[in-house]
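> Take this sequence and fold it.
(chains A and B)
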Amino acid sequence: MSKTTGAIKFVFWFAVSIGLFYYSWWSYSSGQMVSWYYYEAKTDGYAVHSAYFKNATKENPAMLQIGKFDKIEGLQAVEVKKGDRLPKNTDGIIDKKVIKDEKRAKLEGGMLKVMVASEVKDARGFKYKDTFKHKGILTNPWAGAWNVVMVLIIGLALGLMAEGFTDIMGLKLDKIVHH
Amino acid sequence: MFEFIIAGVESPWLLLVLTGATVGMVGGFIGVGGGYMVTPALIVFGFPGYMASGIDMTHIAGKSVVATVRHRQLGNIDWVLGLAMVGGTMLGVEQGVRLLTWTKNMGLSGIILLTTSVVVMIGLFVYTQLETQAATRQTKKMEKEGIAVGREVNTSKLPAFFQRISLYPIVRCRTARIVMSMWVIVVVGAITGVLSGFLGVGGGFIRVPALVYIVGASTHIAVGTDLLEIVVSGGYGALRHSMMGNVDFVAVLFMIVGAMFGAQFGSIATSYVRGPAIRYILSYSLILATVGAFLRLAYMLTGSKYAVLSFFAVVFTLGEMFFLCFFIMSLVFFALRYQKGKSVPEWIPSLVVKH
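This is a model prediction of the structure:
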């Protein structure tokens, strides 16, 4: 392949790659991707943003204001039922069963009192930290398909861009004679 | 450091790019996804286990496309062989996942998983080493006798046996120059699929030796064809993980940027070497990963008392990536010297080609 054809190939696929990366980045930073990820409730409970109370303890609990907020900002919680769309900025759900147990969180005077933000669990030889983050949420299944389509197209664009680049550089890559 | 909003962690983005590059290089060269190396690395970088697995699988799908495009250019892909195998692989992966769930319900999955992976990897390592050493000896002997040596030297008798099975329909794989029963290819795909589904890996490290030693493809074609298959199986795995919310897409993007460079180098590097060189690197990758898995198994069997075992498991896994990259780069370096007629170590001529 000539260097000119290689250059055209490189420029075209470079532009496509940049476009795909830009779109992915915009989707991520604008919150679109995040809203696809934290899409709907898998369980009945309270939608929260767990980073705001990650240091809560029994001695120093976090008090979350319960209300109907479109976006969770600070120590707020929104009651949700299974299948409900989640408010913006949600990153987990405190399950009603957890609240019923009253060990890690409980309702107190119209507020949600979080006493332990995480707990260490044993699981056959492993110990892991279980927090409210990522709990009780469902991802939009179409977002899964979007991820795969994007990653395959990006891979193809990068592969063809690199092929154009080696053509420009004059690197002779002929088919290998196997036999 | 970069804050990954979906994963909810802060992680060094440069290390993700570097990991993508190193695993891309190894994967492009030996035709594996590299999940057994990347997932532990991502956990070390602070990602939760399920996210590490999902990010890894999604990046593997993208990276394999990059490497497949290059291997297509080099003529290393047999499309008929790859597509015939995909069906069996998908079926096998599903059965492997069910087997995993069954052992998990028995409360044994962790130990059975690690034991199986250690046994499979050691078995493959020993066979690949012995066969490749025999192939290298044969190459040296042929060169001494003045006989022209092709790019591929394979001393295994297994492919001839499996190619004699004449169960209808018979497929003709033109690029690989193989004529064999489609059922053999499907069954090989299914068995390697069960193992990959059960062990939770892409399965390249099992499929590449299977393509060489059972189907009888040349190592280069096995690598390229396996990467094509990883695009399909990795894409399916990425879809499952993404739908379950195990993927932070930006982490995948960082890794793909690195993988683009690594996979290019690894794929192009295959054109400088003979088949046995690729099989050597594959076998070393297997044994190093085995040591990592064995240390993790020992850590679990000792009731997680000795943190040093877990620490060294991680060190081995990360060290393996750099060691293999160094090995591949050395081979290309010496191949270039050899082509220019400069002095090279004694073991190089039997592993590289003189264009």
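
> hey, where'd the helices end up in chain A?
A:3-29, A:32-37, A:96-101, A:141-168 (DSSP state H).

> Would you mind saying which of these lies nearest residue B:123?
Residue B:123 lies closest to helix A:141-168 among the helices of chain A, at 32.2 Å (CB to CB). For every residue, glycine as well, the C-beta is placed using N, CA and C.

> so what's residue A:147 closest to, chain neighbours aside?
Nearest residue to residue A:147 in three dimensions, chain neighbours excluded: residue B:242, at 4.1 Å (CB to CB, 6 or more residues apart in numbering or on different chains).

> Dihedrals phi and psi, residue B:154?
When read as degrees, to the nearest 10, the backbone of residue B:154 gives phi -130, psi 120.

> Ignore what I typed, I meant residue B:59.
According to degrees, to the nearest 10, residue B:59 has phi -70, psi -30.

> helix/strand/coil for the nearest residue to it once chain neighbours are set aside?
Spatial nearest neighbour of residue B:59, excluding adjacent residues (CB to CB, 6+ apart): residue B:255 at 4.2 Å. Here residue B:255 is recorded as helix under DSSP: H, G, I helix; E, B strand; the rest coil.

> Format the helices of chain A as JSON lines; extra columns: distance to residue A:47 and mean neighbour count.
Output for the helices of chain A, formatted as JSON lines (distance: least, CB to CB, whole Å; neighbours: other CB atoms under 10 Å in any protein chain shown):
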{"stretch": "helix A:3-29", "distance to residue A:47": "21", "mean neighbour count": "15"}
{"stretch": "helix A:32-37", "distance to residue A:47": "13", "mean neighbour count": "19"}
{"stretch": "helix A:96-101", "distance to residue A:47": "12", "mean neighbour count": "15"}
{"stretch": "helix A:141-168", "distance to residue A:47": "18", "mean neighbour count": "21"}
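
> in chain A, what spans have low per-residue confidence?
Applying pLDDT under 70 to chain A picks out residues A:1, A:122-128, A:178-179.

> Map the structural domains onto the sequence of chain A.
By the assignment in automatic domain parsing, chain A contains the domains A:3-32+A:142-168, A:40-138.

> picking up where we left off before, I'd say the residue nearest to residue B:59 and residue B:57 touch.
No. Counting by CB atoms under 8 Å, residue B:255 stays clear of residue B:57, with 11.3 Å between them.

> Surely residue A:63 and residue A:107 touch.
No. Between residue A:63 and residue A:107 there is no contact under CB under 8 Å: 10.9 Å.

> overlap in contacts of those two?
Residues touching both residue A:63 and residue A:107 (CB atoms under 8 Å, 6 or more residues apart in numbering or on different chains): residue A:113.

> Residue B:235: which of the domains of chain A is closest?
Closest among the domains of chain A, using CB to CB: domain A:3-32+A:142-168, at 5.5 Å.

> end to end, how far does the closest one reach?
Start-to-end span of domain A:3-32+A:142-168 (CA to CA, to the nearest Å) is 5 Å.

> Can you get me a residue count around residue A:74?
A total of 11 residues lie near residue A:74 under the criterion other CB atoms under 10 Å in any protein chain shown.

> who are the neighbours in contact with residue 154?
Answering for chain A, as no chain was given. Counting by CB under 8 Å, 6+ apart, the residues that residue A:154 touches are A:17, A:20-21, A:24, B:62, B:253, B:256.

> Switch to chain B, please.
Neighbouring residues of residue B:154 by CB under 8 Å, 6+ apart: B:131, B:135, B:212-213, B:216, B:218-219, B:275.

> and if we set it to 7 Å?
In this structure, residue B:154 makes contact with B:135, B:212, B:275, judged by CB atoms under 7 Å, 6 or more residues apart in numbering or on different chains.

> quick revisit: let me have the helices of chain A in CSV, adding distance to residue B:31 as columns.
Formatted as CSV, the helices of chain A follow (distance: least, CB to CB, whole Å):
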stretch, distance to residue B:31
helix A:3-29, 24
helix A:32-37, 31
helix A:96-101, 46
helix A:141-168, 15
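
> Tell me which of the ones you listed lies nearest to residue A:177.
helix A:141-168 (19.3 Å).

> How far off centre is that closest one?
Its chain's C-alpha centre lies 20 Å from the corresponding centre of helix A:141-168 when counted by CA atoms, centre = their mean, to the nearest Å.

> now swap in stretch A:70-85 and tell me
17 Å.

> touching chain B at all, it?
No. Contact of stretch A:70-85 with chain B (CB under 7 Å from any CB of the partner chain) is absent, the minimum separation being 13.8 Å.

> Look up phi and psi at residue A:174.
According to degrees, to the nearest 10, residue A:174 has phi -90, psi 170.

> Residues in contact with stretch B:310-317: which ones?
Contacts of stretch B:310-317 (CB under 7 Å, 6+ apart): B:37, B:40-41, B:44, B:288, B:291-292, B:295-296, B:299.
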